[in-house]
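My questions are about this predicted structure, shown below with the sequence.
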There are 2 protein chains.
Amino acid sequence: MTRTTTLEPAGLRVRHDELTPRQVQRSIGVPDTDRGLPTAGFPGWFADRLRGHRFTVDRVPIDELDGWSADPATGDLGHASGRFFTVHGLDVAVEDRHWQQPVIDQPEVGLLGILAKEFDGVLHVLMQAKMEPGNPNLVQLSPTVQATRSNYSGVHRGAPVRYLEHFLGPQRGRPLVDTLQSEHGSWFLGKYNRNTVVLTETDPPLAPDFCWLTLGQVGALLRSDLVVNMDARSVLACLPGPAREPRALHTDAELASWLADERATHRVRHRRIPLRDTAGWERDEHRVARPDGRFFTVVGVRVQAPNREVGGWSQPLLAPNAPGVVAFVTRSFNGVAHYLVAARAEAGFRDSVQVGPTVQVVPGNHDRPPPFLELVLGAAAGDVRYDVAHSEEGGRFLDATSRYLVVDADRTPDAAPRTPPPGFCWATADQLDALVLRGDVTVQARSLVAALRTGAVAP
Amino acid sequence: MTRTTTLEPAGLRVRHDELTPRQVQRSIGVPDTDRGLPTAGFPGWFADRLRGHRFTVDRVPIDELDGWSADPATGDLGHASGRFFTVHGLDVAVEDRHWQQPVIDQPEVGLLGILAKEFDGVLHVLMQAKMEPGNPNLVQLSPTVQATRSNYSGVHRGAPVRYLEHFLGPQRGRPLVDTLQSEHGSWFLGKYNRNTVVLTETDPPLAPDFCWLTLGQVGALLRSDLVVNMDARSVLACLPGPAREPRALHTDAELASWLADERATHRVRHRRIPLRDTAGWERDEHRVARPDGRFFTVVGVRVQAPNREVGGWSQPLLAPNAPGVVAFVTRSFNGVAHYLVAARAEAGFRDSVQVGPTVQVVPGNHDRPPPFLELVLGAAAGDVRYDVAHSEEGGRFLDATSRYLVVDADRTPDAAPRTPPPGFCWATADQLDALVLRGDVTVQARSLVAALRTGAVAP
């Protein structure tokens, strides 16, 4: 289905590019609202959303998923419509490491869109309380629109996607940001979603399950476990950033050069293989899993959710076998906060290497702990600037929870030296923002960037 | 082979990011040099380079290429070492179009590096007169270093790559720019090269076949047919740009949104197939070609070139069957020059769609001419700001020449309206520069950006 949008020139006017960061910064500084959902009212509203929905999510054998079946030749899991996604095998080689694994292949680019509007001169964002079957607590705050093309092009044959007209087509609002961003390269094959924030000057009606919040309110909610979902965090990380920081350890070109060098060096090669031939993994009627219990298991769920686009459905989900740890180590150089980024080579990245957080690991999956894990998990309480549990995309991942941390190493500088080990580099917050806008940052690091951007991380 | 560079912090210092564009602009304004190769001396020097080398390039059947052979099972062409590149088949689906074709698969990221140095406060770039077997005139000006990893990691078993130490390893210079850039998505599968400009403060000896030029001199050479090679043009397009232009028709976010929309819309799917099963193509001992004569032919050459890293070698080359046309249509809006860019979906792009020039076509390959081709080829002489023949990478493509044009449509505005057809968008030169730095622009468009950046296009 071909659809192409014509971009109408706006005529003689000044670019808004300089305006938007100020609007964003101002909204981050506003901790409450009386035009949207007041902070005091949020807990009750959020609890009502959960209570209001009589959905159920049941584990079922993958052999009994409605509409899903295994290809007779390959064992690959797919939907009868040919849409949504498939689970097949992948043979991966990264330098001298070689392995095989199941992977989720979902070639369509989904839309993650937050609608923004100024009330009394303060930017508010329209957030949705949305159920996803893989969320540990089922309902989390999501972007205004969180839709695959299958959702909004009618393959689901469900209700239309609310507020979609603000993001696509002739009535759409003014984009403040619009970028394609990667998702989990260890679980998805080349999955990218469109992350956008659109400003409207219309007065859209407020639908049930939606609320207007300032960015300061969203930042406060990012300090709570399991409230703001991954898609929302990903979009928030793309918000236009504040002014540039001239006292960074590295110039932007040096940082770009570090990344280009890592990308030129790390060859990631992969090829599709049949799921049933994937070495190290075993399948029965219930699941696809490893006998050694590492990494993840592919399971099935059946969902009944009256308020969703479709009344009920079945699907596979990828269930990590243990919680993860995602962390930035931070230090102050030249009086400016720097964050230690790592070059991450993952099989599913189109560009082989992306900029990840200092630590991104599920302890127990690997024989040796990665660098900085001990520093992060052993930090004194006073050095922990952020420590919140978040889960990954609940439409594909079941109970995929990680502890997200920002740990200050100024008092333990030897553990996080100015000249870090190979594969690591110090970057300022504004350099992180620029890397995000280029689509160079992992979704895990973007969750931490969202917390940094919205003031959720203690200074 | 794992190699990772540690980035050493530079300590307390101001970012050079703001300095570099001024250095670049200044050098573009300097039309001659007495510290490098004076303009008057260039033609003689360049002719000497060609005369000085007794190389020969002979066409040979692909079945007789030393070290190359067809895989018995698939017919894929490959080198006995397993390195360099392979030619295999590709099955491609873009929206409702579906075809098969041979494609060059070269997974390693090559290095295209220009060494820069200030003489008397003016930036000079070190250019190399380099023979490539596919160049129509064999010798063209290339970057200082133009090397695959096979070149510099010793697979060629030839001489070391000159000046490489300025780009890799502990002695390297300060990067002014360093990005991964796409190459021809219709001929290469996911090929990206590292494009970098590095500033040195050392005084490297001048090797034979190399010369120092100002960017103004390079711009003047870009007005001559077949002098500056594709790799040099690609790197020059990445030079840090001048100040931003606030009177663009579209904000940067709107332009990004247009591109994100095109990327979300155009699904490009491809899968590798055996070369011998590639529908529409036939192979004999001499070549792989189409009976209808369209697109390209895969041929073989044997090279004898005493001054190259290796004394002689054989290889396949991809020979387009006719010259191409690559053009920007330009108009002035709000008193600012805008260039009409097109969203191009090509099978080999990792991101499915890149920003291309207004026109990029080999007339005769398709039944219908593309939009704006008539405008470009029928423009009055006074509206043609640039019209120069350039060829593509002579290490992979044989006589792949295109006419590169910039055509002013201010006097024919109806033919290039302010609201262009779907798939097209107006962008200013500084917006083009920013898109290039993000790695979003096709190599053909980058050639034109290089001409714009260095003042080669008439104002």
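Looks like it came in fine. Numbers count the residues shown, from 1 in each chain, chains lettered A, B, ... in the order given.

where does the stretch 201-350 of chain A have low pLDDT?
Within the stretch 201-350 of chain A, the ranges that satisfy pLDDT under 70 run A:305-310.

What are the boundaries of the strands in it?
Remark: strands assigned in the stretch 201-350 of chain A by DSSP state E, counting those that start in this stretch are A:210-214, A:268-273, A:282-283, A:288-289, A:296-304, A:312-320, A:324-333, A:336-345.

Just put those strands in JSON lines and tack on distance to B:Phe397 and mean neighbour count.
All C-beta spots, glycine's among them, are computed from the backbone N, C-alpha and C. As requested, the strands of the stretch 201-350 of chain A are arranged in JSON lines below (distance: least, C-beta to C-beta, whole Å; neighbours: other C-beta atoms under 10 Å in any protein chain shown):
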{"stretch": "strand A:210-214", "distance to B:Phe397": "54", "mean neighbour count": "22"}
{"stretch": "strand A:268-273", "distance to B:Phe397": "24", "mean neighbour count": "16"}
{"stretch": "strand A:282-283", "distance to B:Phe397": "46", "mean neighbour count": "14"}
{"stretch": "strand A:288-289", "distance to B:Phe397": "44", "mean neighbour count": "22"}
{"stretch": "strand A:296-304", "distance to B:Phe397": "44", "mean neighbour count": "20"}
{"stretch": "strand A:312-320", "distance to B:Phe397": "43", "mean neighbour count": "21"}
{"stretch": "strand A:324-333", "distance to B:Phe397": "44", "mean neighbour count": "23"}
{"stretch": "strand A:336-345", "distance to B:Phe397": "30", "mean neighbour count": "23"}
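
which parts of the one helix or strand A:Thr20 maps to are buried?
For A:Thr20, the host element (DSSP states H and E) is helix A:19-28. Neighbour-count burial for helix A:19-28, with 16 or more other C-beta atoms under 10 Å in any protein chain shown as criterion, is recorded at A:20-21, A:23-28.

Could you double-check that A:Gly293 sits in contact with A:Asn321?
Yes: because the distance of 6.0 Å satisfies C-beta atoms under 8 Å, A:Gly293 is recorded as touching A:Asn321.

Looking at the two, which is more packed in?
Neighbours around A:Gly293 and A:Asn321, counted as other C-beta atoms under 10 Å in any protein chain shown, are more numerous at A:Asn321. The numbers are 16 against 11.

what sits against that one?
With contacts defined as C-beta atoms under 8 Å, 6 or more residues apart in numbering or on different chains, A:Asn321 is in contact with A:293-297, A:362, A:364-365.

Looking at the buried residues of helix A:19-28, which one is closest to chain B?
The shortest approach to chain B among the buried residues of helix A:19-28 belongs to A:Thr20, at 7.3 Å (C-beta to the nearest C-beta).

For B:Gly113, state which of the buried residues of helix A:19-28 is nearest.
Proximity of the buried residues of helix A:19-28 to B:Gly113 was ranked by C-beta to C-beta; the top entry is A:Pro21 with 34.2 Å.

Apart from its neighbours in sequence, what residue is nearest the closest one?
A:Pro240 (4.5 Å; C-beta to C-beta, 6 or more residues apart in numbering or on different chains).

What separation do you get for the one you found and B:Arg247?
When distances are taken as C-beta to C-beta, to the nearest Å, A:Pro240 and B:Arg247 turn out to be 20 Å apart.

Who has more neighbours out of those two?
Under the neighbour definition other C-beta under 10 Å, A:Pro240 and B:Arg247 were set side by side, and A:Pro240 has more, 22 against 14.

On the three-state scheme, the closest residue to chain B within the stretch 351-459 of chain A is what?
In the stretch 351-459 of chain A, the residue found nearest to chain B is A:Pro422; the distance is 3.7 Å by C-beta to the nearest C-beta. Secondary structure, DSSP: H, G, I helix; E, B strand; the rest coil: A:Pro422 is coil.

A:Leu176 now?
Classification of A:Leu176 using three-state DSSP returns strand.

residues from the stretch 51-200 of chain A in reach of chain B?
Applying the criterion C-beta under 8 Å from any C-beta of the partner chain, the portion of the stretch 51-200 of chain A that neighbours chain B consists of A:95-96, A:107-109, A:111, A:149, A:168, A:174-180, A:192, A:194, A:196.

Mind checking which of these are in helices?
Under the assignment DSSP state H, these contribute A:Arg149 to helices.

what's next to stretch A:210-221, contact-wise?
The set of residues that contact stretch A:210-221 without belonging to it, under C-beta under 8 Å, 6+ apart, is A:24, A:27-33, A:35-37, A:39, A:42, A:45, A:117, A:119, A:122-129, A:141, A:144, A:162-163, A:206, A:227-228, A:232, A:236, A:239, A:451, A:454-456.

which other helices and strands contact the helix holding A:Thr20?
Packing partners of helix A:19-28 (3 or more C-beta pairs under 8 Å, 6 or more residues apart in numbering or on different chains; DSSP states H and E): strand A:122-131, strand A:174-182, helix A:215-221.

In TSV, list the ones you listed along with mean neighbour count and distance to A:Pro413.
Output for the helices and strands packed on helix A:19-28, formatted as TSV (neighbours: other C-beta atoms under 10 Å in any protein chain shown; distance: least, C-beta to C-beta, whole Å):
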stretch	mean neighbour count	distance to A:Pro413
strand A:122-131	23	38
strand A:174-182	23	32
helix A:215-221	23	29
